[in-house]
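> below: sequence and its predicted model.
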Amino acid sequence: MEPSEALKNVGDAMKKAVEHTSSEFTSIRTGKASPALVENLDVNVPSYGSTMKLKGLAVITSPEPRMLMVQPFDPTTTGDIDKAIRESKLGLNPVNEGTKLRLPIPELSEERRVELVKSVKAMAEEGRISIRAARKDGMDAGKKMKADNDVTEDGQRDFEASVQELTDKSTKDLDALVAAKEKEVMTV
């Protein structure tokens, strides 16, 4: 494998880890209604015999700043969606109106905000673990290229330095995302 190709693979893996963590952050609510809050919720639908994402079962809108509206494509799944939202860790109590659900978004207490920040930090740590795994893969690729005589010892050292630069940049990007989300959650 060429060093440039291996470096690109490591960079792509780290970028995906940061992007995944960023998308995970959208599920953390900040006191305002956003369809992203519930769209990736897993809903068990016995009548379909499977578990599906909420966005595949319903239209999710935000008619008011502190309200979400969930309108299932199939009205028979309303009860399943209601149950999934109640059992989630979002702390939401849907109001079932027969063919649709209203989700009032309550004001966050200080205690709940602190819990959400802990969740953000836990998600960020998972992202860091993914970045470190990509770094390890890159370092292993450098050793393999050296063993296969694709690069010299100096080339391996340069490659590993490049992998470390990518790691530092990705970690810095992730830390910036965490700081922004923490500020957003703690802002009343």
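Cool, got the structure. Numbering: from 1, shown residues only.

> how is the protein partitioned into domains?
Using automatic domain parsing, the domains assigned to the chain come out as 3-25+109-186, 35-104.

> what's the neighbour count on Ala124?
Using other Cβ atoms under 10 Å, Ala124 has 22 other residues around it. Placement of C-beta: from N, CA and C, glycine included.

> now it: which helix or strand?
When elements are defined using DSSP states H and E, Ala124 is found to belong to helix 110-147.

> that helix packs against which elements?
Here helix 110-147 touches helix 3-25, helix 153-186, going by 3 or more Cβ pairs under 8 Å, 6 or more residues apart in numbering; DSSP states H and E.

> for the chain, which spans come out with low pLDDT?
Low-confidence segments of the chain (pLDDT under 70): 29-31, 188.

> could you find the closest non-adjacent residue to the residue nearest to the spatial centre of it?
By Cα atoms, centre = their mean, the mean C-alpha position of the chain lies nearest to Glu24, the distance being 1.6 Å. Setting aside the residues directly before and after it, Glu24 is nearest to Met123 in space (Cβ to Cβ, 6 or more residues apart in numbering), at 4.8 Å.

> what sits against the one you found?
21, 24-25, 28 (Cβ atoms under 8 Å, 6 or more residues apart in numbering).

> wait, which of those is closest to Asp175?
Closest approach between those and Asp175, by Cβ to Cβ: Thr21, at 10.8 Å.

> only the buried residues of stretch 13-28, if you could.
13-15, 17-18, 21-22, 24-25, 27-28 (16 or more other Cβ atoms under 10 Å).

> residues in contact with it?
With contact meaning Cβ under 8 Å, 6+ apart, stretch 13-28 is reached by 34, 36-37, 40, 116, 119-120, 123-124, 126-127, 130-131, 133-135, 137, 166-167, 169-170, 173-174, 177, 181, 185.

> only whichever of those are buried, select them in ChimeraX.
Buried members of the contacts of stretch 13-28, defined by 16+ other Cβ under 10 Å, are picked up in ChimeraX with:
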select :37,116,119,120,123,124,127,130,131,134,135,166,167,170,173,174,177,181,185
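
> quick one on the thing from earlier: quick one: closest of the helices and strands packed on helix 110-147 to Ser109.
helix 153-186 (12.1 Å).

> show me the contacts for Arg113.
When contacts are taken as Cβ under 8 Å, 6+ apart, Arg113 is in contact with 185-186.

> still on that earlier bit, reformat the helices and strands packed on helix 110-147 as a markdown table; add distance to Lys144.
Formatted as a markdown table, those follow (distance: least, Cβ to Cβ, whole Å):
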| stretch | distance to Lys144 |
| --- | --- |
| helix 3-25 | 9 |
| helix 153-186 | 10 |
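
> out of these, nearest to Arg66?
helix 153-186 (15.9 Å).
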